[in-house]
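I would like the atomic coordinates for the input below:
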Amino acid sequence: MPASADTQNKEVLTFGLTMVRHGETQYNKDKLLQGQGIDTPLSETGRQQAGAAGLYLRDLKFTNVFASSMLRARQTADIIVKSNAHCSGLEIVLDPLLVERSFGIAEGGPVQCMKDMAKAAGQSCPDFTPPQGETPEQVRERIRGFLKSMFQRMVADHCGDGQPEPGERIRAPPDGDEPPAGRPDDGVRGLAAHALVVGHGAYLRVAVRHLVEELQSSVPCGLKPSHLFSSWPNTGMSRSSSPCAAGRGGRRPPTSAASSSTARTT
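Coordinates of the predicted model:
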């Protein structure tokens, strides 16, 4: 079947996305909620975790790096980038759309207190919104805004001269050629563009749900969706790949069509 005029006038870039939660802070260790209102640095353990994540990812080539503007995420991103063999001189783009979910009056208090409030309200903790807090749907709106901005930047950076011709698509290798599960380059090997995003646990949990439920990212074989939507440990990771389309006369972000796979590691 011949390609449509719309398809012929597009460049399509498939890019990888690796998302990482920040390392441990003292508040994490003490099981206290930070949210947006408490901006704490990494603990010594958190720095070690970020260093270990950096070593794990050191041979991956990131073409773009984005991080929450909060200190714990900035420090984690900086440590990972400095450990990477290919990121010398690469800018870390700090984006306030990546900051943690606001937990309102629960911030600064024990995590257990929020769990108790959720139980009293007859809701699960991830779905519960404390007074003055941010709802999951409000977080999703921020995620949509970030993804749109990121897609536009990725297309602008990587669909220029020397990038795919209109109608040509850069793809990940077939499933049979993928490395075993758990490798740093799972799902992103062979891609021309690869973004690292460093953020926060509650935010990233909603982001993965958005990728799976709204952008229809497939779940890796043998991995239940409930595992994807569970709590993120410090420096937990998720990976996916997604197509970005750009018109010949001007670039635009992709629609909500498809990404290939999302995988979690700790």
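
Would you mind finding the longest helix in this protein?
helix 136-158 (DSSP state H).

Report the mean confidence score over that helix.
Mean per-residue pLDDT for helix 136-158: 90.

now swap in stretch 192-203 and tell me
93.

ends of it, how far apart?
Distance across stretch 192-203, first residue to last, is 27 Å (CA to CA, to the nearest Å).

where are the low-confidence patches of the stretch 1-150 of the chain?
1-13 (pLDDT under 70).

can you pull out the strands in it?
10-21, 64-68, 92-95 (DSSP state E, counting those that start in this stretch).

Out of the ones you listed, the one nearest Pro184 is which?
Of all the strands of the stretch 1-150 of the chain, strand 10-21 sits nearest to Pro184, with 8.6 Å by CB to CB. In this view, the C-beta of every residue, glycine as well, is placed from N, C-alpha and C.

What residues does Asp39 make contact with?
Met70, Leu71, Arg72 (CB atoms under 8 Å, 6 or more residues apart in numbering).

actually Thr135, not the one I typed
Thr129.

phi, psi of it?
phi -80, psi 160 (degrees, to the nearest 10).

What of Gly199?
The phi/psi pair for Gly199 (degrees, to the nearest 10) is phi -140, psi -140.

Can you tell me how far it is from Ala73?
Gly199 sits 6 Å away from Ala73, going by CB to CB, to the nearest Å.

Over to Asp59?
23 Å.

quick revisit: for PyMOL, what selects the buried ones among the contacts of Asp39?
Only the buried members of the contacts of Asp39 enter the following PyMOL selection, criterion being 16 or more other CB atoms under 10 Å:
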select buried, resi 70+72
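
now the contacts of Asp39 in a markdown table, with distance to Val99?
As requested, these are exported to a markdown table (distance: CB to CB, whole Å):
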| residue | distance to Val99 |
| --- | --- |
| Met70 | 5 |
| Leu71 | 11 |
| Arg72 | 11 |
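
hey, where'd the helices end up in the stretch 101-250 of the chain?
111-120, 136-158, 201-213, 225-228 (DSSP state H, counting those that start in this stretch).

Give me the buried positions along the first one.
So that's helix 111-120. Quick answer for helix 111-120 (16+ other CB under 10 Å): Val111, Met114, Met117, Ala118.

Just give me the neighbour total for the residue lying closest to Ser230 once chain neighbours are set aside.
Once flanking residues are discounted, Ser230 sits nearest to Arg205: 7.7 Å by CB to CB, 6 or more residues apart in numbering. Residues near Arg205, counting by other CB atoms under 10 Å, number 22.

Please apply the same query to Asn64.
There are 20 residues near Asn64, going by other CB under 10 Å.

isn't it right next to Asp157, touching?
Yes: assessed by CB atoms under 8 Å, Asn64 is found in contact with Asp157 at 6.6 Å.

anything in contact with each of the two?
Ala193.

how far away is the closest residue in space to Gly46 that isn't next to it in sequence from Glu213?
Nearest residue to Gly46 in three dimensions, chain neighbours excluded: Gly23, at 3.2 Å (CB to CB, 6+ apart). Here Gly23 is placed at a distance of 28 Å from Glu213 (CB to CB).

neighbour-wise, which of those two wins?
Ranked by neighbour count (other CB under 10 Å), Gly23 and Glu213 place Gly23 first, with 28 against 12.

Contacts only, for that one.
So Gly23 contacts 42-43, 45-50, 53, 72, 75-76, 79, 234-235 (CB under 8 Å, 6+ apart).

Mind doing that once more with 6 Å?
Leu42, Gly46, Gln49, Ala50, Thr76, Asn234, Thr235 (CB atoms under 6 Å, 6 or more residues apart in numbering).
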